[in-house]
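Visitor: Provided below are the primary sequence and the corresponding predicted coordinates.
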Amino acid sequence: MTNYVLRRLLIAIPSLLGISVILFTVLALAPGDPFEELATNPAIPPDVRAALRASLGLDDPVWTRYFSWLTAMLRGDWGYSFVSRVNVDDLILARLPTTLAIIGASQILALAIALPVGVMAATRPYSIFDQVANTLAFIGFSLPTFFTGLLLILLFSITLDWLPFVYRADLSSTGWTWVWEQLRQSIMPVAVLGLFQGAAWTRFVRSAVLDVIRLDHVTTARAKGLPEGRVTLRHIVRNALIPVVTLVALQMPTVFGGAIVTEQIFRVPGIGSLLISAILANDTPVIMAVTFVFACLVVFFNLLADVIYGWLDPRISYS
């Protein structure tokens with residue numbers, strides 16, 4: 001297992017390098033200038049502006065700037081934000097835990113919905129439960145996250161006044177009061193992402209279980225007189241989870257994309273809102289660092305999915 005993980009990490013290095021080249025080139029060739037405000041400010045002399053651009057290497061060729069960025073990145077220097085006037089790694093480290101907490105809780109909610117509902121719908125095909133579950137699943141993944149978020153705000157924040165619709169990272173309360181306030185303000189962002197993913201995964205779990213439930217080893221297990229619950233959990237669900245794990249890993253870019261929209265709706269101070277603010281301000285170092293972090297997280301989740309395969313299916317060997 002250790003050798004396999006090391007091989008996958010070595011394979012991931014060229015992928016991440018290729019992603020970084022594409023991202024840096026696109027950002028370098030994109031229109032706009034991060035020092036546009038300085039250029040239109042008559043109080044700043046032209047020689048000062050030119051010296052500042054030269055110190056940051058903005059007038060160098062693209063390939064020179066890329067290798068400068070790459071070597072600085074390998075040393076742990078992620079750059080300097082043109083807008084916030086602080087180091088980029090400090091900005092990301094301050095916001096990344098919030099994003100990971102929201103995404104992690106939403107994925108747990110999605111799996112808690114998709115697994116039992118999908119399995120029950122597959123073991124009772126074309127029943128009333130199956131039809132209701134399919135209908136709700138279609139509705140769930142047909143509605144975009146920004147629309148669902150606005151509906152939840154109108155219902156639970158504006159009409160009922162139960163939940164806050166603005167996420168605050170600077171809660172002044174402490175102890176159990178802080179925990180309660182944190183839960184209240186996290187309910188709607190987590191629900192928006194979790195219900196959307198859960199609806200899509202429910203259909204996929206149902207399809208995967210239906211494929212496994214017809215196999216010979218399931219019929220043999222039932223012929224041996226095993227309880228139906230044991231047959232479902234050990235012989236059906238475990239084998240059906242392999243394609244589900246693949247789906248979860250491959251949909252991580254979609255999850256992070258949905259998190260960016262959700263963070264904007266609920267004003268969550270996460271890495272997604274940081275990316276949007278950086279794009280609007282043309283803050284290139286922040287955009288480059290955040291998108292590269294997203295790429296690293298996607299590679300990590302794909303590696304995690306491959307490791308989980310071996311636990312789900314003993315036939316898979318990592319030698």
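Guide: Received it, and whenever you're ready, just let me know what you need.
Visitor: Next, name the residue at the spatial heart of the chain.
Guide: For the chain, the residue nearest the mean C-alpha position is F256 (2.9 Å; C-alpha atoms, centre = their mean).
Visitor: who touches that one in this structure?
Guide: If you count contacts by C-beta atoms under 8 Å, 6 or more residues apart in numbering, F256 has them with 103, 272, 294, 297-298. All C-beta atoms are positioned from the backbone trio N, CA, C, and that covers glycine.
Visitor: let's go with 6 Å and repeat that
Guide: F256 makes contacts with F294, as judged by C-beta atoms under 6 Å, 6 or more residues apart in numbering.
Visitor: And it, what's its pLDDT?
Guide: We note a pLDDT of 74 for F256 in this prediction.
Visitor: ok, now G149?
Guide: At G149, the model reports a pLDDT of 87.
Visitor: ok, longest helix in this structure?
Guide: helix 175-213 (DSSP state H).
Visitor: Can you give the distance of it from its chain's centre?
Guide: Centroid separation between helix 175-213 and its chain, computed with C-alpha atoms, centre = their mean, to the nearest Å, is 13 Å.
Visitor: same deal with stretch 98-115?
Guide: 10 Å.
Visitor: any idea how far Y167 is from V268?
Guide: As judged by C-beta to C-beta, to the nearest Å, V268 and Y167 stand 4 Å apart.
Visitor: Those two - which one has more neighbours?
Guide: Legend: neighbour count by other C-beta atoms under 10 Å for V268 and Y167, higher for V268 (25 against 22).
Visitor: Which pLDDT value does the model give the more buried one?
Guide: V268 is assigned 84 on the pLDDT scale.
Visitor: Return the residues in contact with it.
Guide: 167, 189.
Visitor: Which residue, other than its chain neighbours, is closest to L143?
Guide: Distances taken as C-beta to C-beta, 6 or more residues apart in numbering put F196 closest to L143, at 7.5 Å, once the chain neighbours are dropped.
Visitor: What distance do you get for Q264 to S186?
Guide: Separation of Q264 from S186 (C-beta to C-beta) stands at 16 Å.
Visitor: got it, and T98?
Guide: For T98, the distance to S186 equals 10 Å [C-beta to C-beta].
Visitor: how about low-confidence regions in the stretch 101-250 of the chain?
Guide: The stretch 101-250 of the chain contains no residues with pLDDT under 70.
Visitor: need the helices for it, in chain order.
Guide: Here the stretch 101-250 of the chain has its helices, by DSSP state H, counting those that start in this stretch, at 128-142, 145-152, 175-213, 216-223, 228-230, 238-250.
Visitor: so what are the domain limits for this structure?
Guide: 2-74, 91-312 (automatic domain parsing).
Visitor: and the shortest one, what's its mean pLDDT?
Guide: To tie it back to what came earlier, the one meant is domain 2-74. For domain 2-74, the mean pLDDT works out to 75.
Visitor: What of stretch 85-100?
Guide: Per-residue pLDDT over stretch 85-100 has a mean of 84.
Visitor: Put the alpha carbons of that stretch into CSV.
Guide: What follows is stretch 85-100, C-alpha atoms only, in CSV (Å, rounded to 0.1, in the frame of the first residue of the first chain):
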residue,chain,number,x,y,z
ARG,A,85,-1.3,43.6,1.2
VAL,A,86,-0.6,40.3,3.1
ASN,A,87,1.0,37.0,2.1
VAL,A,88,-1.2,34.7,0.0
ASP,A,89,-0.5,31.7,2.2
ASP,A,90,-1.8,33.6,5.3
LEU,A,91,-5.0,34.4,3.4
ILE,A,92,-5.6,30.8,2.3
LEU,A,93,-4.8,29.3,5.6
ALA,A,94,-7.2,31.7,7.4
ARG,A,95,-10.1,30.7,5.1
LEU,A,96,-9.4,27.1,4.0
PRO,A,97,-10.6,25.5,7.3
THR,A,98,-14.0,27.2,6.9
THR,A,99,-14.4,25.9,3.4
LEU,A,100,-13.3,22.3,4.3
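Visitor: pretty sure the residue nearest to L143 contacts T145?
Guide: Yes: using C-beta atoms under 6 Å, F196 makes contact with T145 at a distance of 5.5 Å.
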